[in-house]
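A.B. asks: structure for the following, please:
(one chain, ligands or ions: 2)
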Amino acid sequence: MNETLTITFWGVRGSYPAPGGHTVRYGGNTACVEVNAGGRLLILDAGTGIIPLGRDLMRRSQQTGKPVQATLLFSHLHHDHTQGFPFFAPAYHPVSRLFLFGPGASEQALEELLARNQMPPAFPVSLRDMNAAKEIRSLNETDVLCFEAETPCISKQPTGELFIRLMKSYAHPGGVYVYRIEWRGLSVVYATDTEGYIGTDRRLAAFARHADLLIHDAQYSEDHYQGRNGWTSTQGYGHSTPRMACELAQAAGVKQLALFHHDPNYDDARIQQIEHEAQQIFPQVFAARERLQVTLSPDTAMASPFTEMDKAAFLRTANRF
Ligand SMILES: [Zn+2]
Ligand SMILES: [Zn+2]
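C.D. replies: Ligands and ions are numbered 1, 2, ... in the order given. Next up is the predicted model:
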């Protein structure tokens, strides 16, 4: 049994992919985060980052001889959070077992929306023709996902050592689910595609209270958000500035903050600059980048959530300014 809570970023970009030489450090894939909780595989969103994750899961499966079993949580159904799923290799393997959860007005709504996303002529392979065993269900705000059995179950009360609660946020067009994953007293909150409020989003701050890691939308620089220096204002688009993310992290008293959902127009230098500016507001902040792995364990959570290799990389980045 794996005794850590490990978070790996596979896609950190918002809106649309941003490949190219100017984004190699932080990466160009859209939203996808892998969470490994004591050996259980959770995946947050299925932007294009899920494509390299899928390849890696197939490699791991070949090494261990165990089929892929994963629980995939959608924050919402905007393209940058779903567009990688039709290319997720484990979904084509009959031995894979996938549990998909996300928003939807009825229990079947998520399945209908995902099916519509890849219906011919938009995509040649329908959701039904992807061979993996799939269970797809929409969640209500009051639902709690529990993992006491081999498969996840929907409950109204948290039970067992791993459970996931959600909060429906209205700070994004169409609404978005924020997830809080708890494992053995450690917690990760995934709050992408959310716009901050003046005086912070108090409901979200309460939901994220004392999390070990908060992954928060920080798409727009202050100038961009406010429409200065040639940018068109993005106020009301449903995304935050790094300052909003930092203020939320402070209000919630979280231990670490990951800036997430970087604007596709931003190159590595700009994101580094944003990261540096954010560190002046909330020192325990870093800009999420592809393949960055953060490991939390009951013993080391307070001391260092980074693996040594990542911590060194993080410090190198911080020291550059
Ligand atoms: Zn998005
Ligand atoms: Zn969105």
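
A.B. asks: number of nearby residues for the closest residue to ligand 1 within the stretch 151-300 of the chain?
C.D. replies: Relative to ligand 1, the nearest point of the stretch 151-300 of the chain is residue 193 (4.5 Å; Cβ to the ion). C-beta here means a position set from N, CA and C on the backbone, and glycine is covered the same way. Neighbour count of residue 193, defined by other Cβ atoms under 10 Å: 30.

A.B. asks: what does the stretch 101-250 of the chain have sitting close to ligand 1?
C.D. replies: With the criterion set to Cβ under 5 Å from the ion, the stretch 101-250 of the chain comes near ligand 1 through residue 193.

A.B. asks: what comes up buried for stretch 185-199?
C.D. replies: With burial defined by 16 or more other Cβ atoms under 10 Å, the residues of stretch 185-199 counted as buried are 186-196.

A.B. asks: what subset of those is also close to ligand 2?
C.D. replies: residue 193.

A.B. asks: list just the nearest of the buried residues of stretch 185-199 to residue 246.
C.D. replies: residue 196 (9.6 Å; Cβ to Cβ).

A.B. asks: picking up where we left off before, dump the buried residues of stretch 185-199 into JSON lines; add distance to residue 164, secondary structure and pLDDT as well.
C.D. replies: As requested, the buried residues of stretch 185-199 are exported to JSON lines (distance: Cβ to Cβ, whole Å; DSSP: H, G, I helix; E, B strand; the rest coil; pLDDT from 0 to 100):
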{"residue": "186", "distance to residue 164": "13", "secondary structure": "strand", "pLDDT": "96"}
{"residue": "187", "distance to residue 164": "10", "secondary structure": "strand", "pLDDT": "97"}
{"residue": "188", "distance to residue 164": "10", "secondary structure": "strand", "pLDDT": "98"}
{"residue": "189", "distance to residue 164": "10", "secondary structure": "strand", "pLDDT": "98"}
{"residue": "190", "distance to residue 164": "10", "secondary structure": "strand", "pLDDT": "98"}
{"residue": "191", "distance to residue 164": "14", "secondary structure": "strand", "pLDDT": "98"}
{"residue": "192", "distance to residue 164": "15", "secondary structure": "coil", "pLDDT": "98"}
{"residue": "193", "distance to residue 164": "18", "secondary structure": "coil", "pLDDT": "98"}
{"residue": "194", "distance to residue 164": "17", "secondary structure": "coil", "pLDDT": "98"}
{"residue": "195", "distance to residue 164": "23", "secondary structure": "coil", "pLDDT": "98"}
{"residue": "196", "distance to residue 164": "23", "secondary structure": "coil", "pLDDT": "96"}
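
A.B. asks: just flag the most distant two among the buried residues of stretch 185-199.
C.D. replies: The widest separation within those (Cβ to Cβ) is 27.6 Å, between 186 and 195.

A.B. asks: go ahead and confirm residue 138 touches residue 104.
C.D. replies: Yes. Judged on Cβ atoms under 8 Å, residue 138 makes contact with residue 104 at a distance of 2.9 Å.

A.B. asks: mutual contacts of these two, please.
C.D. replies: residue 110 (Cβ atoms under 8 Å, 6 or more residues apart in numbering).

A.B. asks: so how far is the strand or helix carrying residue 295 off the chain centroid?
C.D. replies: Residue 295 is located in strand 293-296, with elements delineated by DSSP states H and E. Per Cα atoms, centre = their mean, to the nearest Å, the displacement of strand 293-296 from the mean C-alpha position of its chain is 14 Å.
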